[in-house]
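>>> Quick one, what's the 3D model for this:
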Amino acid sequence: MKIAFIGHKRIPSNEGGVEKVVEQQAVRMAERGHKVTAYNRGGHNVFGKEFDNKKLKEYKGVRIVTVPTTKGSSSVPIYSFFATLRAIFKRYDCISYNASGSCAMIPLAKLFRLRTVALLHGIDSQRDKWGGFASKYLSFGEKQAAKRADVCLVLSENMKQYIKDTFGTEAITFVLSTRYEGFPNVLREAMYAGLPCISSDCEFGPSELIDDGKNGYLFPIGDADALYEKLTDLMSDENKRDKMGKLAKESVEFIESSKIYAQWNELILNEGK
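Numbering: from 1, shown residues only. Just a heads-up that it's a prediction; the model follows:
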C-alpha cells in the first residue's frame, strides 16, 4: 500500500506532538512493508536555524520529500497545496492529513478519488493566536476533515462533541494510551458518547470498563504494534465500529451521573442514621 503523510513540519523532529505522531506512524507502517512518503515542510526549525537537520531523502524506511513554502501564515496553505498535488500525481492509496490547516486540501485529494484519513490534534481555529483569515482557513480545514475525509480521528471527547455540534458528523474512534489511571473519566465519557474505544490495559480502570473485543479493545502498555492492529481493524470495518460503539454506551450506563448521585445520597443518608 502506498501512503502519504501531510501536515507535519518535518520528521524526524521534536518541534511538536504532531511531528512525533507522524514519525511513529510513518516508520511503523514502513516496517510493515508499506511504501510510505512523508512530505516535510520547508523552512527552519521553530527553535532556530541551529536546530536544522540536514535535509533527508529517507528516514528509517520512510521516503522524505521536502516541499518548499513561504514564511508566515501562508506557509501552511501553500505547503499543503503543493504536497497534495505531488501526492495526487504519485497516486497514493491513502493520504493521511494531520492538523486543521492541511485538512483544507482534502477536497482536492477527493477530486481525484484518493482515500483520505484526517487526524485533528486540536481545534486549531479556536486558538487565540489565530484570527481573521487564518482562523477561517483553519475552520474550513476542520470542516473538510469532518465532512469529506473517509476517516476523521480526534483525540478527546470534547473534540468529538465539537465536531458533532459544529458540523453534524461523528468522529469514529477514541484511543486512550496511558501507563497509569485511577479511574479514566475521559474513557467513560467517550464510551457513553457511543464511540468505539481502544485503551492500554493499565493496572487500574480501563479493564473495568472495556470487555476486550466486545465493547472496545485493550492492548498491552507500550505495545504500538497491538495498537496499530486494533486501529486498523476498527478503521476498516464500519459495522464493527457501530456495534462496538453501541455496546460501549450501554455498558457504562450504570455509572451515569444521576445513578451515582442517587447511590451517593443513599450512602450519606444511611451513614447518618
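>>> the strands in the stretch 51-200 of the chain, which residues?
Counting by DSSP state E, counting those that start in this stretch, the stretch 51-200 of the chain has strands at residues 58-59, 62-67, 94-98, 115-119, 151-153, 174-176, 197-200.
>>> Val18 sits in which helix or strand?
For Val18, the host element (DSSP states H and E) is helix 17-31.
>>> what's the burial count for Ala4?
27 (other CB atoms under 10 Å). C-betas here are computed from N, CA, C, even on glycine.
>>> and it, what does it touch?
Contacts for Ala4 were tallied using CB atoms under 8 Å, 6 or more residues apart in numbering; they are 36-39, 83, 87, 90, 92, 94-96.
>>> Among the residues you listed, which one has the most neighbours?
Among these, Ile95 has more neighbours than the rest - 31 neighbours, counting by other CB under 10 Å.
>>> Touching stretch 108-120 from outside, list them.
21, 81, 84-85, 87-88, 91-100, 103, 106, 142, 144-146, 148-155, 159, 163, 171, 235.
>>> now the helices for the stretch 1-150 of the chain?
Listed in chain order, the helices of the stretch 1-150 of the chain (DSSP state H, counting those that start in this stretch) span residues 17-31, 75-90, 100-103, 106-111, 132-147.
>>> deepest of those, which one?
helix 100-103 (a mean of 28; mean count of other CB atoms under 10 Å).
>>> mind saving the C-alpha coords of it as PDB?
Written as PDB, here are the backbone C-alpha positions of helix 100-103 (Å, rounded to 0.1, in the frame of the first residue of the first chain):
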ATOM      1  CA  SER A 100      -6.500  21.500  10.700                       C
ATOM      2  CA  GLY A 101      -4.500  23.500   8.200                       C
ATOM      3  CA  SER A 102      -3.500  20.600   5.900                       C
ATOM      4  CA  CYS A 103      -7.000  19.200   6.000                       C
END
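>>> which residues touch that helix?
6-7, 76-77, 79-80, 83, 97, 118, 120, 122-125, 137-139, 141-142, 144-145, 149.
>>> And that helix, how far out from the chain middle?
Taking CA atoms, centre = their mean, to the nearest Å, the mean C-alpha location of helix 100-103 is offset from the chain mean by 12 Å.
>>> Report the mean confidence score over it.
Averaging pLDDT along helix 100-103 yields 94.
>>> mind starting the numbering at 809 from now?
I'll keep to 809 as the first residue from here, and by that count the last item is helix 908-911.
>>> quick one on the thing from earlier: compare the mean pLDDT across the strands of the stretch 859-1008 of the chain and name the weakest.
strand 982-984 (a mean of 63).
>>> Once you drop chain neighbours, what's closest to Pro876?
Nearest residue to Pro876 in three dimensions, chain neighbours excluded: Gly850, at 4.3 Å (CB to CB, 6 or more residues apart in numbering).
>>> Does that neighbour touch Tyr887 like I think?
Yes. With contacts counted by CB atoms under 8 Å, Gly850 reaches Tyr887, the gap being 7.1 Å.
>>> Quick check: neighbours shared by those two?
In contact with both Gly850 and Tyr887: 875, 877, using CB under 8 Å, 6+ apart.
>>> Cys1005 and Ser1059 touch, don't they?
No. Counting by CB under 8 Å, Cys1005 sits too far from Ser1059 to count as a contact (10.4 Å).
>>> who's more crowded, these two?
Shown here are Cys1005 and Ser1059; by other CB under 10 Å, Cys1005 has more neighbours (28 against 18).
>>> so where is the protein shaky, pLDDT-wise?
Residue ranges of the chain with pLDDT under 70: 854-861, 964-965, 980-991, 1011, 1063-1066, 1068-1081.
>>> Can you tell me the centre-most residue of it?
Leu927 (3.6 Å; CA atoms, centre = their mean).
>>> What's the separation between that residue and Glu997?
Counting by CB to CB, to the nearest Å, the gap from Leu927 to Glu997 is 20 Å.
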